[in-house]
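[1] Predicted structure and sequence below. I'll ask about it afterward.
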Amino acid sequence: NAGVMQNPRHLVRRRGQEARLRCSPMKGHSHVYWYRQLPEEGLKFMVYLQKENIIDESGMPKERFSAEFPKEGPSILRIQQVVRGDSAAYFCASSPELAGLYEQYFGPGTRLTVT
Amino acid sequence: KNEVEQSPQNLTAQEGEFITINCSYSVGISALHWLQQHPGGGIVSLFMLSSGKKKHGRLIATINIQEKHSSLHITASHPRDSAVYICAVQGGSEKLVFGKGMKLTVNP
């Protein structure tokens, strides 16, 4: 059973470009979470999605950031017009379909560098 | 004040030592998670607790709901235990709120 997959693992973008980060949850998991880890800082929640629904986006910056989890395919975190402050590691995690308390399984992360 | 506080922030130990990492939180929670982040950056879930104590190999995690405190113990520490250990709490929603982590270095 493959774990949570994220790609790309490393992404370099110039200021003003768009960044698309992909997350494929573990098989059987339909809850996806995105977290951001800024350099020398702790992890911060960004958004929680279920298939075709955004459940909680309270951690998402109001502008330039969006997330989706379509019926088919991976979850996408999209950052438009990137700025240097967006440079960070972005982790996705998934948990099983049933509601309740479950461990979250983390992907390897995408390290975004904005030049 | 952060909702989740970890202590110490850094710890250096000798191989074989017993290690304790502490986590205090200030909000009501439904579960507490201990995570391990390796130098390469990957994050592994170690434990999820809502009460009592759990053990896995050389790792033991305990939680005291009344005192809003959890500890992660590592017995017979080894250099491969060197990592950042992160405490995270889960409240009424599904999202995790993280501590800043504790960097552990175990020397041979």
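    Cool, the structure landed. Residues are numbered from 1 along each chain as shown, chains lettered A, B, ... in the order given.
[2] Please count neighbours and contacts with C-alpha atoms only from this point.
    OK.
[3] Do me a favour and get the end-to-end distance for stretch B:33-50?
    Start-to-end span of stretch B:33-50 (CA to CA, to the nearest Å) is 9 Å.
[4] does any part of it sit near chain A?
    Yes. Remark: stretch B:33-50 sits within contact range of chain A at B:33, B:41, B:42, B:43, B:44, B:45, B:47, B:48, by CA under 8 Å from any CA of the partner chain.
[5] what pLDDT does residue B:1 get?
    pLDDT for residue B:1: 59.
[6] Show me what from chain B comes close to chain A.
    B:30-31, B:33, B:41-45, B:47-48, B:94-101.
[7] give me that answer again for 7 Å
    B:42, B:43, B:44, B:45, B:48, B:95, B:96, B:97, B:98, B:99, B:100, B:101 (CA under 7 Å from any CA of the partner chain).
[8] most surrounded residue in the residues you listed?
    Highest neighbour count within the residues of chain B next to chain A, by other CA atoms under 10 Å in any protein chain shown: residue B:101, with 28 neighbours.
[9] Wait, that one touches residue B:85, no?
    Yes. Between residue B:101 and residue B:85 a contact is recorded at 5.3 Å, counting by CA atoms under 7 Å.
[10] Excluding covalently adjacent residues, which one is nearest to the most centrally placed residue in chain A?
    The C-alpha lying nearest the average C-alpha coordinate of chain A belongs to residue A:34 (CA atoms, centre = their mean; 3.6 Å). Spatially, and ignoring its direct neighbours in sequence, residue A:34 is nearest to residue A:92 (4.5 Å; CA to CA, 6 or more residues apart in numbering or on different chains).
[11] what pLDDT, on average, does the helix or strand hosting residue B:36 get?
    Residue B:36 belongs to strand B:31-37 when elements are defined using DSSP states H and E. Strand B:31-37 carries an average pLDDT of 94.
[12] Sheet-wise, list the partners of that strand with their directions.
    Note on strand B:31-37: by DSSP bridges, its sheet partners are strand B:43-49 (antiparallel), strand B:83-90 (antiparallel).
[13] of all the residues of stretch B:33-50 next to chain A, which comes closest to chain A?
    residue B:42 (5.0 Å; CA to the nearest CA).
[14] The closest one: what's it in contact with?
    A:108, A:109 (CA atoms under 7 Å, 6 or more residues apart in numbering or on different chains).
[15] Pop out the phi and psi values for it.
    phi -70, psi 150 (degrees, to the nearest 10).
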